[in-house]
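A.B. asks: Sequence plus predicted model, see below.
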Amino acid sequence: MPTLTKPLSGWGRYPVQSCELERPERYADLRPTTDTLIARGQGRSYGDASLNENGRVILTERLDRMLSLDVQQGILKAEAGVTLAEILPVIVKQGWFLPVTPGTKYVSLGGCVAADVHGKNHHHDGGFGDHVLGIDLIMADGSHKTCSASENADIFWATVGGMGLTGIISEVTLKLLPIQTAKMMVSQHAANNLEHLFQLLENPALDDQYSVAWIDCLAKGGQLGRGIAMFGHHATIAELGESYSTEANPSQPPLDRGGADLAPLTKGGADSALPLTRGSWRGFASKRLNHPPLQTKPKRTRSLPFNFPSWILNPLSISLFNKLYFYRESRRKSPFLTDYDSYFYPLDSIGQWNRMYGKRGFVQYQCVIPEASALVGMIALLKELSASRRSSFLAVLKRFGAEGKAPLSFPMPGYTLALDLPIRDKGLFSLLDKLDHIVLQHGGRVYLAKDARISAESFRSMYPRFETWLKLKNKIDPSNRFSSSLARRLNIGGKAK
Amino acid sequence: MSENILILGATSAIARGTAAAFAARGDNIYLASRDEEELKRIAADLTVRYGVKVSYGLFDAAATDTHPAFFQAVLKEMQELNGVVLAFGLLGDQQAARDFSVAEKIITSNFTGAVSILSLCANYFEPLKRGFIIGISSVAGDRGRQSNYVYGAAKGALSIYLQGLRNRLFPSGVRVVTIKPGFVDTAMTFGLPGLFLVATPQHIGKQIVRTLSKSADVVYLPGFWRYIMLIIKHVPEVIFKRMKM
C-alpha cells in the first residue's frame, strides 16, 4: 500500500509531527500493517491523539460506507470512517437524529466512539458510547472482533474512550433518536455571574434535553463568569404550529410572526432568569419554516482561506466581541426556533476556523470538575485565566451527568469548561499546568481528545480507572501495536519511540 | 425519469463518485467489479444514502470470455440499460512492465478487456437508437512518457477506440463520451510526488454525470487539464524525448 509522509497535526494545529500516512480504500485493506500505528478519522481531536510521530497513521476517511439503516427501529450501521455530516441528511429526513453529537459534525463515527464524545444532552443521555449497539474492532493480530455491551463487553468499554489504542474501529452500529422535525426549540437566559449561571443550569424548571452555557471569560469582579445559558430540544410538530405548511399548501406566503405566536413551551422562562421578552429582530427564524417538518435547506459554508495574524484575537477584540454577543443574545426573545445545524454546529459554517488562531495553533483546554466543588473550582480556573491576562475567544460551560462504564471516558458528574487558547508563547503552558493543578485539587480531569500537553502523572491521577483499562490493553495488544503520540506522551504501553 | 446505469470497475474511487452522482439523481445502478465484498458495501451505501435500487455482480475485465454471459445477466437483472460507465483500469508498475507478462496484464485490463465489454454494450445500444457510453481514459494516453508508457499506450488505444465507436454510433443517436481525468485523489495517486491541484473523486463523479447534459465528446477533468495537455502534446519530440517525465 502506498504511503505519504508529511507533517500532520490535530485540529488545534499543535503539535505538528511527521507521520507516515496510509489510506486504504477497500475494507479488506484496513488492517494493522506496521508495528506501530494509530487510526485517524477526520483529525478533529485537537492535540496529538491522532498523531504517531515517525510512525504509521491509517486514514479511515475512505471507508465511509453506510451499510444499513432500519428506519422503523432507528438503527444505523456504517463503516467507522463516515462523518456525522454525511449521516445527518440521510437520517433526519427519515425522522431520526444522532443520540449524542459533539459541537462539530465533521467527525468520524469511529472517532466519536474512540473519544466517547459527549453532547449538550450528557446530563440526561450519557455519552456517545452509551448509544452504540455494537462495533467491529480490528485487533492487533488483524482479526475482527464484534464487541458490544453484551458481547466482549470488556473490550467494548475499553474501546469506548480508548483513543484508538485497543484496535481499529471499522464498523459502528448506532441507536438513533426519534425526532418529529428538523428544528430546535431554544430558550436562552442571561446570567450576571457564574453562580447565577450555575443556578440557571441546575434549575429543573428551565432544564431541557440539551443545555449549555457560553461564558464571557473576560468579565471580572462581580461579573466573573457572566454568560448565557441555552436550553433546547427537538421541536415537535405541534411546536412548529401554523408556521409551517405542508407541500399540499405551498402557496401560503411566508409568515413573519416574530416568534411571538409560536406554541408556548411548558417550561417557560423562570423567575430566576433575566426577563428576555423585549421585541426580537429575529423574525426571520419563522420565515424559514415553510417546509415539511423534516426538510432542511443545504447551507453554504465559507472557509478561512489563510491563517489570521495572531494579533487579531487580542483581549480587546475578544472583549468587544463578548460584549456584543452578550448584549445581543440576552435580548434575544425566547423561546425561538432554529435549524439543527445552527443549533449544534455553529462553528461548522466557517470551514477551517482553526486558522483563526494563527500559524502557531491553539490549545483547547477542556476539563471537568466534580459537582461538589464545581463552582469553587470554576471560579478558581477563571480567576487564574484572567490573572494571566490571556483570554479565550470561546468559553463553554456544560453540566455532565453520571460517569459512563468506559474506564477512559471523560465525563463525570459535575461541570465541564472548555477554553480555546492561542499559542503565542511558552507562558501558556505554565498557565495550563496551573489549571491542571486546580482541576486535580478538585478531583477533576482533562479531556484527552482535546489535550496536547498534560503529563503522564496528571493523567494517572485524573483517570483512576486507567489501571483496569491498561490490564485489558496489555492482554489484547501485548506488543503495543496500537500507539500514538498521545499514548507515548502519557506513557501508555511500554515502547517509547 | 430514473435510468438504469451499468458501472464497470465500480470499486474505484472515481467509479464510486460517479455512481453516487447517478444515484443522487435517482438512477438505478448495477455495479460490476471483481471484488464482491466491496460491491456489497458500495451497493448498501448507495441504497441507504439515495434510496435507489442497486444491484451488483462479479466482472473481470481480463476474463473476456466471461463477458457475454455477464452482460446477459446484467440485462436480465435490469430489464434494460440506459447507459454504461467504463471505469476500470490498472496503472501497474512501469518498472515491472518492462517484462512483457506484466505489460500484457496492463494492456488487457485497460484496453483489450474494455474493447470486449464495450463491443457488447455498443451492439446492444445501436439498434435501440439511444443510450450512452462513458469511457474513463486518461491524460496519460495523450502522449507516451517513460514513467507510465505501457499504461499510457493502453489508455491511448482506449481513447482511439472510443473515438471510433463515437463515429460509428453517432447515426444511431448513441452518445459516446471520453473522460480524461488529470490528478484525482485516489488510491492510484495517493503518496505520489509532484501532484498539484488534485480533484476529489466525488467532484469528478459529479462532473462526469454533468457531461451528459452537455455536448462535449472528449472531456478533461478538471477542465484546465485540456490546456496542460495541449502544451504537453505540442512539445516537439526532439525536445520531449530528452525530458524526464
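C.D. replies: Alright, I've got the coordinates.
A.B. asks: helix or strand for residue A:6, which one?
C.D. replies: Assigned by DSSP states H and E, residue A:6 belongs to strand A:3-9.
A.B. asks: Name the surrounding residues that touch that strand.
C.D. replies: Contacts with strand A:3-9, where a contact means C-beta atoms under 8 Å, 6 or more residues apart in numbering or on different chains, come from A:15-23, A:43, A:50-51, A:56-57, A:361, B:190-191. Backbone N, C-alpha and C define where each C-beta goes, glycine included.
A.B. asks: hmm, 7 Å instead?
C.D. replies: Under the contact criterion C-beta atoms under 7 Å, 6 or more residues apart in numbering or on different chains, strand A:3-9 has outside partners A:15, A:16, A:17, A:18, A:19, A:20, A:21, A:22, A:51, A:57, B:190, B:191.
A.B. asks: Look up how far residue A:110 lies from residue A:170.
C.D. replies: Using C-beta to C-beta, to the nearest Å, residue A:170 is found at 8 Å from residue A:110.
A.B. asks: neighbour-wise, which of the two wins?
C.D. replies: When residue A:170 and residue A:110 are compared for neighbours, residue A:110 comes out ahead with 29 against 20, by other C-beta atoms under 10 Å in any protein chain shown.
A.B. asks: Quick check: chain neighbours aside, which residue is closest to that one?
C.D. replies: In space, and not counting its chain neighbours, residue A:110 is closest to residue A:80: 3.0 Å by C-beta to C-beta, 6 or more residues apart in numbering or on different chains.
A.B. asks: burial measure for the one you found, as a count.
C.D. replies: For residue A:80, using other C-beta under 10 Å, the count is 26.
A.B. asks: May I ask which helix or strand encompasses residue 232?
C.D. replies: Using chain A here. Using DSSP H and E, the element containing residue A:232 is strand A:227-234.
A.B. asks: Actually, chain B is the one I wanted.
C.D. replies: Following DSSP H and E, one finds residue B:232 within helix B:225-234.
A.B. asks: And for residue B:39?
C.D. replies: helix B:36-50.
A.B. asks: Sort out which residues of whatever helix or strand comes next after that helix are buried, please.
C.D. replies: Going down the chain from helix B:36-50, the next helix or strand is strand B:54-58, by DSSP H and E. Buried residues in strand B:54-58, counting neighbours by 16 or more other C-beta atoms under 10 Å in any protein chain shown, are found at B:54, B:55, B:56, B:57.
A.B. asks: for stretch A:171-181, same thing?
C.D. replies: Neighbour counts over stretch A:171-181 (16+ other C-beta under 10 Å) mark A:171, A:172, A:173, A:174, A:176, A:177, A:179, A:181 as buried.
A.B. asks: Give me the neighbour count for the closest residue in space to residue B:102 that isn't next to it in sequence.
C.D. replies: The shortest distance from residue B:102 to any non-neighbouring residue, by C-beta to C-beta, 6+ apart, is to residue B:96 (4.6 Å). When neighbours are counted by other C-beta under 10 Å, residue B:96 registers 13.
A.B. asks: Where does pLDDT dip in the stretch 351-497 of chain A?
C.D. replies: A:494-497 (pLDDT under 70).
A.B. asks: Show me where it has its strands.
C.D. replies: Per DSSP state E, counting those that start in this stretch, the stretch 351-497 of chain A carries strands over the ranges A:362-370, A:395-400, A:414-422, A:445-446.
A.B. asks: Quickly list what whichever residue of the stretch 151-300 of chain A sits closest to chain B is bridged to.
C.D. replies: Relative to chain B, the nearest point of the stretch 151-300 of chain A is residue A:171 (9.9 Å; C-beta to the nearest C-beta). For residue A:171, the beta-bridge partners under DSSP bridges are residue A:79, residue A:136.
A.B. asks: Looking at it now. What's its pLDDT?
C.D. replies: If you check residue A:171, the pLDDT there is 98.
A.B. asks: repeat for residue A:280
C.D. replies: According to the prediction, residue A:280 has pLDDT 37.
A.B. asks: repeat for the one 4 residues further on
C.D. replies: The pLDDT attached to residue A:284 in the predicted structure is 37.
A.B. asks: intersection of neighbour lists for residue A:170 and residue A:110?
C.D. replies: By the contact definition C-beta under 7 Å, 6+ apart, residue A:170 and residue A:110 are jointly contacted by residue A:80.
A.B. asks: List just the nearest of the buried residues of strand B:54-58 to residue B:130.
C.D. replies: Set against residue B:130, the nearest of the buried residues of strand B:54-58 by C-beta to C-beta is residue B:55 (21.0 Å).
A.B. asks: which ones are touching that closest one?
C.D. replies: Counted by C-beta under 7 Å, 6+ apart, residue B:55 has contacts B:30, B:77, B:78.
A.B. asks: Buried among these? Make that a ChimeraX selection.
C.D. replies: To isolate the buried ones among those in ChimeraX, judged by 16+ other C-beta under 10 Å, type:
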select /B:30,78
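A.B. asks: How much space separates residue A:28 from chain B?
C.D. replies: Distance, residue A:28 to chain B, by C-beta to the nearest C-beta, to the nearest Å: 6 Å.
A.B. asks: ok, that residue touching residue B:40?
C.D. replies: No: judged on C-beta atoms under 7 Å, residue A:28 makes no contact with residue B:40 at a distance of 11.8 Å.
A.B. asks: Compare these two (neighbour count), which wins?
C.D. replies: Using other C-beta under 10 Å as the criterion, residue A:28 and residue B:40 rank with residue B:40 on top: 15 against 9.
A.B. asks: nearest residue to the more buried one other than its sequence neighbours?
C.D. replies: Spatial nearest neighbour of residue B:40, excluding adjacent residues (C-beta to C-beta, 6+ apart): residue B:56 at 7.0 Å.
A.B. asks: list the contacts for the one you found?
C.D. replies: Contacts of residue B:56 (C-beta under 7 Å, 6+ apart): B:30, B:31, B:32, B:39, B:43.
A.B. asks: One more pass at 6 Å, please.
C.D. replies: Contacts of residue B:56 were listed using C-beta atoms under 6 Å, 6 or more residues apart in numbering or on different chains, and they are B:31, B:39, B:43.
A.B. asks: Of the strands of the stretch 351-497 of chain A, give the one that comes closest to chain B.
C.D. replies: Using C-beta to the nearest C-beta as the measure, strand A:362-370 is the one of the strands of the stretch 351-497 of chain A that comes nearest chain B, at 27.6 Å.
A.B. asks: Phi first, then psi, for residue 84.
C.D. replies: Chain wasn't specified; assuming chain A. Dihedral pair for residue A:84: phi -60, psi -30, per degrees, to the nearest 10.
A.B. asks: let's do chain B instead
C.D. replies: Dihedral angles (degrees, to the nearest 10) for residue B:84: phi -130, psi 140.
A.B. asks: List the residues that contact it.
C.D. replies: With C-beta under 6 Å, 6+ apart, residue B:84 has these contacts: B:6, B:121, B:133.
A.B. asks: Closest to chain A out of these?
C.D. replies: Here the nearest of those to chain A, counting by C-beta to the nearest C-beta, is residue B:6; it sits at 20.2 Å.
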